[in-house]
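Engineer: only geometry, no sequence info:
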Ligand SMILES: Cc1cc2nc3c(=O)[nH]c(=O)nc-3n(C[C@H](O)[C@H](O)[C@H](O)COP(=O)(O)OP(=O)(O)OC[C@H]3O[C@@H](n4cnc5c(N)ncnc54)[C@H](O)[C@@H]3O)c2cc1C
């Protein structure tokens, strides 16, 4: 058995091969030369050396890989064949495919969703109809691509952000490649805006001078994927849509991954040969209710985003012998979610008259001062008296001053709860001085049809949403009547109504909406609840008017004094009196755009077994085993899709072709 120390040494040696052949030093990135002087001497020195003759798997011989029994029999014939097979056509998949192709490989992409053309999308906008299809979370994201400016300090920073869950060698690879992200976008002629303003986390490691930046491609995430798709089309890399990867095909003796078994058009099983390697870029497990229940830190956990990300790549990798890492992390926050939608959405507040309280009516945090993507961490608080998560759900409390504000986009003032409309697209950022506390979804989600995980808002004349039932009403009346928005003429009445409300934690039992891909899971795990509200459940039977009244009395006193929140430190400019009845509440759930856990990945983007030994010829990129191991930085996922997509694509292309046994 190789020791950790020995293995890390081996990996470092192999890594030089990667560095020599990919992009460090004076290597060309898609035609753009990136100077070695931009890197520290340590990494520039590592660039000296040749390509990866013999392939990465060959270099790993003797690393202690256990033989795996093949989960499925070796096929007698193959329906498709390529050097590198990329499973999942989002940002990481596109970057991997482009890189592998540019490194000389013959590449095939498979994608679970149908083409947009086959859905007859009515949208006349460019970002939807001009892509072939796919896109995943990348297409509906804000598009921000985060990157470090210094590879040494950046590696230390990234490793600290992971709380040690991501090995330093992987953080080093993240930083080395991340500093090149901007040059890579340039080399691919992807237009962007560049910023060195950081949000959320700055330099959290004393002494590690880093510096950060981000590039946001023109058009945000929709634009980013549009440009990637153009690059894929230009190279004529085939994409098989409606082709869902299901199993990896392995050499039964060596464990080498030599293909993928997929379900095509939801009916036909096809075997796809990979002469060199398979790259799993299937996104996260945002829409697999069982995985979320078992792996995330609390439950129910309602994420938003691309509803086809059901952890498929994680399951495929597990069956092939992969280990898991930091399954419990998300890029997450608190969000409203109601049973008529399969997705959570973000809060957007019309004014400052709002607070969060727990299931008993107590405030528990500076609601507008938490790092946006780590807000979910405050949800993990177990109450031993009642045997339940005290903040799952939490409740957003507001008054009628919020819902009579004009909505974004210049609509007429009317009764309108801004935070309760999933089609809202106004973008805002977390700030201790801003009136809005949370990011909202990127515009892409509105430009995609319901069947592809979008709201369909722009794909038809009016908003249709991914609602199981009726879309959200303009005046909230239907949602108030349904109890999803709880109303009370005064605080005692609101408290009583909260305590008596049925607060749905899942949409279990609801019909799958027309047009919805029936292979997808609804968010349907129900937490058992003891009679009277004890243990688990999602209702708020022990909600206390005394607690709520005390919280709001203190809040209003602090607002009047004008010096900020004396209890949790919310700044004065983000506060306004809660004093205009009727009062309202809506349940908030640990949420956010995406998960970050998955199969273990090393610095070469290889998928590893539980002992961190690579599974030969298997790579990953993006959210499927993201390198963000604990805290997450705005733009970190798209930045990683570029960095590790490039590593995976290059190393997969440089594998020696698989040698079939001669006997
Ligand atoms: C609303 C929103 C806003 C965001 N904003 C930002 C931001 O500004 N910056 C940032 O860095 N990150 C952002 N993120 C996160 C970021 O977009 C994602 O983490 C990133 O795009 C993931 O890229 P990916 O390629 O790994 O996965 P995806 O882009 O999700 O692509 C995965 C693809 O795999 C396909 N797939 C799944 N299973 C299979 C299978 N079995 N076979 C074949 N195909 C399969 C899916 O259909 C999908 O097309 C945001 C996310 C959301 C939801």
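Structural biologist: The structure has been received and is ready for your questions. Since this is a predicted model, take the numbers as computed values, not measurements.
Engineer: Do stretch 301-318 and the ligand come into contact?
Structural biologist: Yes - using C-beta under 6 Å from any ligand atom, stretch 301-318 reaches the ligand at 304-306, 308-309, 312. Just so you know, the C-beta spots here come from the backbone N, C-alpha and C atoms, and that holds for glycine as well.
Engineer: Take those residues and, keeping just the buried ones, write it as a ChimeraX select command.
Structural biologist: Entered in ChimeraX, the line below selects the buried ones among the residues of stretch 301-318 next to the ligand, by 16 or more other C-beta atoms under 10 Å:
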select :304,305,306,308,309,312
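Engineer: Output the residues of stretch 301-318 next to the ligand as CSV; include the columns pLDDT.
Structural biologist: CSV is the format used below for the residues of stretch 301-318 next to the ligand (pLDDT from 0 to 100):
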residue, pLDDT
304, 82
305, 82
306, 87
308, 89
309, 92
312, 96
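Engineer: Which of the residues of stretch 301-318 next to the ligand fall within helices?
Structural biologist: residue 312 (DSSP state H).
Engineer: out of the residues of stretch 301-318 next to the ligand, which one sits closest to residue 225?
Structural biologist: residue 306 (11.0 Å; C-beta to C-beta).
Engineer: so that closest one touches residue 137, yeah?
Structural biologist: Yes - Residue 306 is within contact range of residue 137, at 4.6 Å (criterion: C-beta atoms under 8 Å).
Engineer: any residues in contact with both of the two?
Structural biologist: Common neighbours of residue 306 and residue 137, using C-beta atoms under 8 Å, 6 or more residues apart in numbering, are 90, 283, 286.
Engineer: if I pick the first one, what's in contact with it?
Structural biologist: Contacts for residue 90 (C-beta under 8 Å, 6+ apart) come out as 134-139, 225, 281, 283, 306, 622-623, 641.
Engineer: mind putting those residues in a markdown table, secondary structure included?
Structural biologist: Formatted as a markdown table, the contacts of residue 90 follow (DSSP: H, G, I helix; E, B strand; the rest coil):
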| residue | secondary structure |
| --- | --- |
| 134 | coil |
| 135 | coil |
| 136 | helix |
| 137 | helix |
| 138 | helix |
| 139 | helix |
| 225 | helix |
| 281 | coil |
| 283 | coil |
| 306 | coil |
| 622 | coil |
| 623 | coil |
| 641 | helix |
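Engineer: Tell me what residue 264 is bridged to.
Structural biologist: residue 243, residue 268 (DSSP bridges).
Engineer: Enumerate the residues of the stretch 251-400 of the chain near the ligand.
Structural biologist: 281-283, 304-306, 308-309, 312.
Engineer: And the furthest pair within these?
Structural biologist: That would be 281 and 304, which, of these, are the farthest apart (C-beta to C-beta) at 19.9 Å.
Engineer: Please state the mean pLDDT value computed over the helix or strand encompassing residue 275.
Structural biologist: Assigned by DSSP states H and E, residue 275 falls within strand 268-280. For strand 268-280, mean pLDDT rounds to 98.
Engineer: What of stretch 138-154?
Structural biologist: Averaged across stretch 138-154, pLDDT comes to 92.
Engineer: quick one: secondary structure of residue 486?
Structural biologist: Going by three-state DSSP: residue 486 is strand.
Engineer: so how many other residues sit close to it?
Structural biologist: For residue 486, the neighbour count with other C-beta atoms under 10 Å is 25.
Engineer: residues in contact with the closest residue to it other than its chain neighbours?
Structural biologist: Take residue 486 and drop its neighbours on the chain: the residue closest to it by C-beta to C-beta, 6 or more residues apart in numbering is residue 585, 4.4 Å away. Contacts here follow C-beta under 8 Å, 6+ apart; on that basis residue 585 touches 395-398, 485-486, 488, 494, 498.
Engineer: Check which residues of stretch 391-401 are buried.
Structural biologist: Buried residues in stretch 391-401 (16+ other C-beta under 10 Å): 391-399, 401.
Engineer: Tell me the one of those residues nearest the ligand?
Structural biologist: residue 396 (19.3 Å; C-beta to the nearest ligand atom).
Engineer: hmm, back to that, could you dump the contacts of residue 585 into a markdown table with distance to residue 112 added?
Structural biologist: A markdown table is the format used below for the contacts of residue 585 (distance: C-beta to C-beta, whole Å):
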| residue | distance to residue 112 |
| --- | --- |
| 395 | 36 |
| 396 | 34 |
| 397 | 40 |
| 398 | 39 |
| 485 | 35 |
| 486 | 38 |
| 488 | 45 |
| 494 | 44 |
| 498 | 40 |
